[in-house]
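**Student:** Below is the structure, and that's it, no one-letter string:
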């Protein structure tokens, strides 16, 4: 199966390919479809992309909390967290950032195969890299969420103090300052966090999942009201 893939469909890594010619894809009896049926959901990637400080991680966590309450199997892959382990050997050059996204795309594909809704929170500034992750899975399995927020608003928030350091030259290749952010051309969901509240933004995502039959809610209470619960804890 793997060997029959078109070479153009394989995501190139900057790390030399050391696979043996004897490595063959192993089929399994339990398929993605069977796992989705067991979990009573459709597995997919909710790919949150946007500038640092736009609210990606906050919204992803609120959405996951709500989905968990609804017995939806989920997992969050956060940009900072994966650099403590899986991608701890990567820096922030353009090449390393591309490799960072490539690896996350492959891990996300495994979660989809496991029948899990995976939420990824990464700046992922390059359109090419996001498109390549999309190409790893089926069309309906990649939901691009553009968390839009003007640069000046993100700088005002500057929760981690990163913009201040970037302006001083202490951080190189920082998106929005000395490295570009290429906004999505046609994302499935657009959220402007300079206008929408956290609960409004999260509610928009949940409604999309319901309307497109990714999930079925276990209760009929107001989504927006329920999303406020984690914020009160």
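**Tutor:** Yep, it's here. Every value quoted in this text rests on a predicted model; they were computed, and no experiment measured them.

**Student:** Who are the packing partners of whichever strand in the chain runs longest?
**Tutor:** In the chain, with assignment by DSSP state E, the single longest strand is strand 142-148. With contacts taken as 3 or more CB pairs under 8 Å, 6 or more residues apart in numbering; DSSP states H and E, strand 142-148 sits against strand 45-49, helix 127-136, strand 189-192, helix 198-211. C-beta coordinates here come from the backbone N, C-alpha and C atoms, glycine included.

**Student:** which of the ones you listed sits most buried?
**Tutor:** Highest mean neighbour count of those: strand 45-49, a mean of 28 (counted as mean count of other CB atoms under 10 Å).

**Student:** Need the pLDDT of the most centrally placed residue in the chain.
**Tutor:** Here the mean C-alpha position of the chain is nearest to the C-alpha of residue 120 (CA atoms, centre = their mean), at a distance of 2.3 Å. At residue 120, the pLDDT value in this model is 96.

**Student:** isn't it right up against residue 44?
**Tutor:** No - the criterion here is CB atoms under 8 Å, and residue 120 misses it with residue 44 at 11.0 Å.

**Student:** count of neighbours near the closest residue to residue 209 other than its chain neighbours?
**Tutor:** Excluding its sequence neighbours, the residue lying closest to residue 209 (CB to CB, 6 or more residues apart in numbering) is residue 215, at 4.9 Å. Neighbours of residue 215 under the rule other CB atoms under 10 Å: 20.

**Student:** Quick check: residue 112 touching residue 32?
**Tutor:** Yes - between residue 112 and residue 32 there is a contact at 6.8 Å, judged by CB under 8 Å.
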